[in-house]
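1. Take this sequence and fold it.
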Amino acid sequence: MKLYIASDHAGFELKQKLAEYLRGRGRAVEDLGPATFNPTDDYPQLVVPLAKKVAKNKDSFGIIVGLSGEGEAMAANRVKGVRAAAYYGAVPEVLKLSRAHNDANILSLGARFLSFDEARGAVDLWLSTHFSEEERHVRRVKELG
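-> This next block holds a predicted model:
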């Protein structure tokens, strides 16, 4: 499984830590940027290329990190074949449902609302949860296009 990661300036520090953590766990992670902190970057310019790579590579997943994760998820979801779920804490069950029921292939994290430990736990839970393959969920995902 290929794993892509990207952020904007608000998520830069958390992205760096998550990429290092995932590589330390033996994950193949491609960091799509930014490579350095830029307080004036725009998240669509960083998120959309990641979304396109995930859509093209069916066996891949993406992690995007921004201030809330909401705008980043919205940008990613404009790419056909992407199902990005935003998470900013409180209810881990949402992570499992995004994978099991919605076959989410991108996780968008809200850096302002998650500590590194919470984000690490969220990523681990999300990556370890599989799509249920239940007929009703398969049908609904197909309806998304």
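
2. and the spatially closest residue to E70 that is not a sequence neighbour, what does it touch?
-> Take E70 and drop its neighbours on the chain: the residue closest to it by CB to CB, 6 or more residues apart in numbering is A86, 5.2 Å away. Heads up, the C-betas are built off the backbone N, CA and C, glycines and all. Taking CB atoms under 8 Å, 6 or more residues apart in numbering, we find A86 in contact with S68, G69, E70, E72, A73, S108, L109, G110.

3. ok, now Y88?
-> Taking CB under 8 Å, 6+ apart as the test, what Y88 contacts is S68, G69, L109, G110, R112, F113, L114.

4. Over to I5?
-> For I5, counting by CB under 8 Å, 6+ apart, the contacting residues are 15, 18-19, 22, 29-32, 50, 62-65.

5. hang on, it in a helix?
-> No. Using DSSP: H, G, I helix; E, B strand; the rest coil, the assignment for I5 is strand, not a helix.

6. Is there a quick PyMOL command that grabs whichever of the contacts of I5 are buried?
-> In PyMOL, this line selects whichever of the contacts of I5 come out buried by 16 or more other CB atoms under 10 Å:
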select buried, resi 15+18+19+22+29+31+32+50+62+63+64+65
